[in-house]
Structure formats: C-alpha cells, structure tokens
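Trainee: Using only what follows, build the 3D model:
(chains A and B)
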Number of protein chains: 2
Amino acid sequence: MIEIIRTLNQFETFRNNLRPGTIGFVPTMGNLHKGHLSLVKESLRQNDNTIVSIFVNPKQFGPNEDFEKYPRTLGEDNKKLKDLYRDEEFRGRLLTIFAPEVPEEIFPSNFSTKITVGDLTNKLCGINRPGHFDGVTTVVYRLFSIVKPHKAYFGQKDYQQYLVCKKMIEDLRLNIQLVPMPTKRDEDGLAMSSRNQYLTGTDRELALVLPQTLEKLKETIKSNFWPESYGLALELAGESKKEGDWDYLEILDAKTLREPSERTHTVILAGALKLGHTRLIDNKLVEIRYAR
Amino acid sequence: MIEIIRTLNQFETFRNNLRPGTIGFVPTMGNLHKGHLSLVKESLRQNDNTIVSIFVNPKQFGPNEDFEKYPRTLGEDNKKLKDLYRDEEFRGRLLTIFAPEVPEEIFPSNFSTKITVGDLTNKLCGINRPGHFDGVTTVVYRLFSIVKPHKAYFGQKDYQQYLVCKKMIEDLRLNIQLVPMPTKRDEDGLAMSSRNQYLTGTDRELALVLPQTLEKLKETIKSNFWPESYGLALELAGESKKEGDWDYLEILDAKTLREPSERTHTVILAGALKLGHTRLIDNKLVEIRYAR
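Mentor: So this is what the prediction gives:
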C-alpha cells in the first residue's frame, strides 16, 4: 500500500516516525511518465524508504509560461506508482507520495527567501527563462528541508537543473547525494516530457529534429579526434540552427557548462527547440577523444 | 582554557566530537568590544557550549567599502575572551573560538550560491549597500552549516540584520533560535561599533547627534498618543535631517520594516549618519501608545 500524504503537518509526523533506513527522494511536478518512473524504481532499489513529491512549483515558471495549464493528473500518477510498486522486486520497500494540496504549505504567503546559484545558471535555459533556476533551487531546498533524504534522483534530460542543484548542495553543505538518471525516450527518439502532450500532430513529427540533430552532433564528435571534432560539430550545429526555431543548440564542457577547454573530458550537446507555444529541451553527453 | 581553531577541518573534528549539550553561537567579524562580549556572556549563561566565530566576511562589503582596512585584532580578541571566560560564573561551560585562517575555507574560489531575503532587505541599510544583506545571509547560513548551533546571538544595533537572518531561518526551516541582545553604548550614548575607531576627535563628538536624535524621537513617541506621536516624530525627523549627512532616519514598523499601520505595536527609530568616510548606524525600539 502506498500512502499518499496531502498536508505538510501530516508529512512531518510521518517523517519523524519513519522507520530507520535510507531515504531516497524523487521530486516531481507530477504527470508522471516513464522517465519519472525509472527514477522511482532506482530509488526503490537503492533505499529502504522512497518519497515521491508531486508539486507544481509556481516559482520556476516565468510570467508567460505554462504554469496554469501544466497538466495535473494526481489520480493517474497514483495509479502508475501503485502499478510499479506491485513488483515483487520492491517487496519490503516503503513508497510514499507527498502531494501537498495547498501550495501555500510549501511557499507561505510571506515566504521571501531565494537561493541563487550563479555561473551555471546564466547560460542555456537560464538565458530565456530568467529566474527559472532560482525557482528550482529554492523549491528543491525547501523540499529537501522537509523530506530530509539521503539521496535524490534527477533526470538527465534536465541536465542543467541537475548540475545547478548539485552545486547548491555543495555550497550549502547539504548532506544529500544526487543521482542523475538517463533520459527516457519514445521509440522514435523524442525525450519523454510532460510538455510533449502539448504538441499537435505535425509538431510532434517536427520535434524529432531535436534528438536527431543531437545524435548527429554526437556521432561527429565520437568519430573524429578532438579538437577537429569540435570544429566539425560547431559547423554542423550552425547549419542545423538554420532550420527550426531554436532557443539554443550548444556544445559545452559537461562539468562547467562553459566553452570546452583543454581540461574538458566530456561535452554536453544541449538543445532547446520551440514548436508553436511549446519549448522542448534535450541533451546528450559525449566523451571526447584525442589522437594518441 | 579556550581552544582556538584555525582550520575548517579541525573545527569539523571538534564539532563532531563535541560533548552533548546545547550549543550557543556568536558570529563576529572580530575586533571585539563590550557589545560582542555581552553576547558571548549570554551564550555562556544559556548553553553548555559556546562557539565564537571570527571571520571578516568579504561578501558583505561593497566594492568601495572598508573591507581591507576593517580592523583585524585576533590577539586582543583572544585576550578579551580569555578574561571574560575566567569568571567563576562560567565554570563548566565550554568556550571555543573558530577563526579560520584561510578565508577560502569559508568561501572556496568556486563557491557560487547566494541566499537572498527579499522585502526586508530593500530598505534602510539595503538601499545604499546593495548586496550587503545577501553577503550577510550567505555567510551566516554557511557558518550555521558548519557550527550547527541551537541558538545564535545577534546584537540589536544591527537590527535589520537580525530580522533578515530570522526570516532566512524561518524560510529555510533551520532549527536555530536567534537571540537579539541590547545595544551596548559608551557613556555618552554612542552605540559601540568597530567603526567608531575610524572617527577623528571632532567627528566623534559630532557622532553623538545620532543617538541623541533617536532619543528625542523616542521621547516624542513615548510622551504622545499614536498617531499624533507619529506625526510629531516625522516632523522632528525631517528637521533633524537638515543637519548632518544622513543616509536615512526613519520610523518604521519594527516587525515588517514598513510604514507603521494599524497593526503596528512597536516602531523602530533607525538612523545612519555619515561622518567623513565613516558611516554609523543606530536604532531604538519603542512601543506606541493609544489613548484609551
């Protein structure tokens, strides 16, 4: 049986009385797909207790973004988690959903503190979504302070978000291990996202240009030596951006999100593509190769 | 014997092995005067273990402020604490100084997280010292995460700083009680401050206008009913500001730092006065009185 907790007060009582053992945490905004479920499974495997939060965080949406229409599907989310939890593999593991009914329990009306991670946030999604990452780090901190987990599971699709939260954990000396998990994709290669359902039929097809372009860049970097591979990939990226409405398409050092340097081992190929009112992101990590 | 710890590593070992009991914390920038010492005494009275940190925090100084010349007097600070600790009253209490020798142990070079408390910080000292309170909350958070105290002692002279840190504690759900302590004054009424020693002889005399003006405002508010008292005090403040180089001189609700409202019980009279290159602050709290 999965317990679903809907108030902060109840959650705190639950948390204070939780049986001993490690606590894995999967923070989500609900509307769960296989990407989320893979995080929950990994947490169940690795921890005695797993807590999934479902909270659509107002602070990470810009004024013209899709906060209002973001899909809220708590009934279906519960069902998916229940189905997953039934698996013999997870016997003896505890799974709990924390889905605060009143958003003011997470952010009271007089809440006025903001956590900002500099540097990593002023590129990629940080450019056209000002304040987005402050909203992410602030809610993640707040949820961490409530859930007090040992490990937290983040999807690699939101790679920048993962890096930013990891930096916050380091700088604020939070004793939490972040576990990044591989991006889940539809059969045709599109990264799973709650926002995919906004796409019209045509846009859904056009969206494939995002993973396909990243894949081509990846092949270019894998099949050539660095830094020639970098030059070729940059050229290809420039060409690719001529078609489609790209927010960005970049090749960066995967640790610093800066331009690759002689200390770079792995690059991230990161793209954000707009299709109508929908903006999709995706990325791939590639180790670079030097000629011997 | 007071132990003086100069590295983060050593401090963490010390903290992990600290005997059970409550921990009181007095964060300072050193150059201790009677104001600081009154905080240390109160912590010693109230706690089994007291930790005084001495760290001149670069993040809370603006680019044209006095970070470089801020007085560093570790030898004298140690001596003052040693003298105070000798008192019979504190027998059995543990006092430890944490004075990191290498500032990068508190803020490593790649540190990039900032904690901002909104609202309370965009007035009084927040106006002419942009970024100052972010620097304060960020270092206080960082020190809290290292010291892990039960209580922390703050001087009321920096009343806005106290309120801002209290709000951070609330919003970030830190389990720490802030204890505000009354401002210590020289015999002539000037609030004690490490910056007083910057004053030339003439400026030291002129500085008295700050506590004297606040005292007059206080008398005006105490000896009249609200809101007449508010009107009279505003008038007096307006007159007072005509002489001397005031950064601000304000009458605000002591909880919100906003204009007093029908919900106000206590006002803060807060002033910042510039004397040459030195800027002094002071404040008084006054309960307002309604006619029956």
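
Trainee: Mind jotting down where the strands sit in chain A?
Mentor: Applying DSSP state E to chain A gives strands spanning A:3-5, A:23-28, A:49-54, A:94-98, A:113-117, A:151-155, A:177-181, A:245-253, A:266-275, A:278-287.

Trainee: what does the stretch 1-150 of chain A put close to chain B?
Mentor: A:111-120, A:137, A:141-142, A:145-146 (CB under 8 Å from any CB of the partner chain). Heads up, the C-betas are built off the backbone N, CA and C, glycines and all.

Trainee: can you pull the contacts of the residue most central in space within chain A?
Mentor: In chain A, the residue lying closest to the centroid (CA atoms, centre = their mean) is A:Asp158, at 3.5 Å. For A:Asp158, the contact set (CB atoms under 8 Å, 6 or more residues apart in numbering or on different chains) comprises A:Ile281.

Trainee: can you check the one 5 residues further on too?
Mentor: By CB under 8 Å, 6+ apart, the contact set of A:Leu163 is A:Leu120, A:Lys255, A:Leu257.

Trainee: Report the buried members of the residues of the stretch 1-150 of chain A next to chain B.
Mentor: A:111-117, A:119-120, A:137, A:141-142, A:146 (16 or more other CB atoms under 10 Å in any protein chain shown).

Trainee: would CSV of these with pLDDT be doable?
Mentor: Putting these into CSV (pLDDT from 0 to 100) gives the following:
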residue, pLDDT
A:Phe111, 98
A:Ser112, 97
A:Thr113, 98
A:Lys114, 98
A:Ile115, 98
A:Thr116, 98
A:Val117, 98
A:Asp119, 93
A:Leu120, 96
A:Thr137, 98
A:Tyr141, 98
A:Arg142, 98
A:Ile146, 98
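
Trainee: Identify the farthest-apart pair in those residues.
Mentor: Maximum pairwise distance among those (CB to CB): 27.3 Å, between A:Asp119 and A:Ile146.

Trainee: Tell me what whatever residue of the stretch 1-150 of chain A ends up closest to chain B is bridged to.
Mentor: Ranking the residues of the stretch 1-150 of chain A by distance to chain B (CB to the nearest CB) places A:Thr113 first, at 3.6 Å. Counting by DSSP bridges, A:Thr113 forms beta bridges with B:Val117.

Trainee: where do the helices sit along the stretch 151-292 of chain A?
Mentor: Residue ranges of the helices in the stretch 151-292 of chain A, as given by DSSP state H, counting those that start in this stretch, are A:159-171, A:201-206, A:209-222, A:228-241.

Trainee: ranking those by burial, who's on top?
Mentor: Of all those, helix A:159-171 has the most neighbours on average by mean count of other CB atoms under 10 Å in any protein chain shown, namely a mean of 22.

Trainee: I'd guessed A:Gln160 sits against A:Leu120; true?
Mentor: Yes - counting by CB atoms under 8 Å, A:Gln160 touches A:Leu120, with 7.0 Å between them.

Trainee: so how far is stretch A:179-186 off the chain centroid?
Mentor: 9 Å (CA atoms, centre = their mean, to the nearest Å).

Trainee: And for stretch A:8-24?
Mentor: 24 Å.

Trainee: which other residues reach that stretch?
Mentor: A:3, A:5, A:42-44, A:46-51, A:94, A:96, A:98, A:100, A:105-106, A:146-153.

Trainee: Where is the longest helix in chain A?
Mentor: helix A:132-147 (DSSP state H).

Trainee: For that one, name the packing helices and strands.
Mentor: helix A:8-16, strand A:23-28, strand A:49-54, strand A:113-117, helix A:125-128, helix A:159-171 (3 or more CB pairs under 8 Å, 6 or more residues apart in numbering or on different chains; DSSP states H and E).

Trainee: Make JSON lines out of these and add distance to B:Asn9.
Mentor: Shown next, in JSON lines, are the helices and strands packed on helix A:132-147 (distance: least, CB to CB, whole Å):
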{"stretch": "helix A:8-16", "distance to B:Asn9": "32"}
{"stretch": "strand A:23-28", "distance to B:Asn9": "28"}
{"stretch": "strand A:49-54", "distance to B:Asn9": "32"}
{"stretch": "strand A:113-117", "distance to B:Asn9": "25"}
{"stretch": "helix A:125-128", "distance to B:Asn9": "34"}
{"stretch": "helix A:159-171", "distance to B:Asn9": "17"}
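
Trainee: how's chain A carved up into domains?
Mentor: A:3-181, A:194-287 (automatic domain parsing).

Trainee: Would you tell me which of those gets closest to B:Asp77?
Mentor: Of all these, domain A:3-181 comes closest under CB to CB, at 25.8 Å.

Trainee: Please report how far the residue nearest to A:Lys167 when sequence neighbours are not counted lies from A:Tyr162.
Mentor: In space, and not counting its chain neighbours, A:Lys167 is closest to A:Val117: 5.0 Å by CB to CB, 6 or more residues apart in numbering or on different chains. Counting by CB to CB, to the nearest Å, the gap from A:Val117 to A:Tyr162 is 12 Å.

Trainee: What of A:Lys242?
Mentor: 30 Å.

Trainee: same check, this time on A:Ile251
Mentor: Counting by CB to CB, the gap from A:Ile251 to A:Tyr162 is 18 Å.

Trainee: And A:Pro130, by the same measure?
Mentor: 20 Å.

Trainee: same deal with A:Glu287?
Mentor: Distance from A:Glu287 to A:Tyr162, by CB to CB: 18 Å.

Trainee: and what of A:Ser193?
Mentor: Taking CB to CB, one finds A:Ser193 at 15 Å from A:Tyr162.

Trainee: repeat for A:Asn175
Mentor: 18 Å.

Trainee: what do you get for A:Leu273?
Mentor: With CB to CB as the criterion, A:Leu273 and A:Tyr162 are 20 Å apart.

Trainee: Can you get me a residue count around A:Glu187?
Mentor: 5 (other CB atoms under 10 Å in any protein chain shown).

Trainee: Kindly report the same for the one 3 residues further on.
Mentor: The local packing of A:Leu190 (other CB under 10 Å) involves 19 other residues.

Trainee: remind me which residues of the stretch 151-292 of chain A are low pLDDT?
Mentor: By pLDDT under 70, the stretch 151-292 of chain A has no low-scoring segment.

Trainee: Not counting sequence-adjacent ones, nearest residue to the closest residue to chain B within it?
Mentor: Proximity to chain B, evaluated over the stretch 151-292 of chain A using CB to the nearest CB, is greatest for A:Asp171 at 3.6 Å. The shortest distance from A:Asp171 to any non-neighbouring residue, by CB to CB, 6+ apart, is to B:Thr113 (3.6 Å).

Trainee: Then A:Ile2?
Mentor: With CB to CB, 6+ apart, the residue lying closest to A:Ile2 is A:Leu95, at 5.1 Å.

Trainee: quick one: the one you found from A:Asp87, how far?
Mentor: In terms of CB to CB, A:Leu95 sits 11 Å off from A:Asp87.

Trainee: Name the residue in these two with the higher neighbour count.
Mentor: A:Leu95 (22 against 11).

Trainee: contacting residues for the closest residue to A:Ile169 other than its chain neighbours?
Mentor: Take A:Ile169 and drop its neighbours on the chain: the residue closest to it by CB to CB, 6+ apart is A:Ile176, 5.6 Å away. Applying CB under 8 Å, 6+ apart to A:Ile176 gives the contacts A:Phe144, A:Pro149, A:His150, A:Lys151, A:Ala152, A:Ile169.

Trainee: Contacts only, for A:Val117.
Mentor: A:Phe133, A:Thr137, A:Val164, A:Lys167, A:Met168, A:Asp171, B:Ser112, B:Thr113, B:Lys114.

Trainee: Quick check: the two most widely separated of those?
Mentor: A:Phe133 and A:Asp171 (13.7 Å).

Trainee: Look up how far B:Phe144 lies from the residue lying closest to A:Leu273 once chain neighbours are set aside.
Mentor: Excluding the flanking residues, the one nearest A:Leu273 by CB to CB, 6+ apart is A:Leu210, at 4.6 Å. Noted for A:Leu210: a distance of 43 Å to B:Phe144, by CB to CB.
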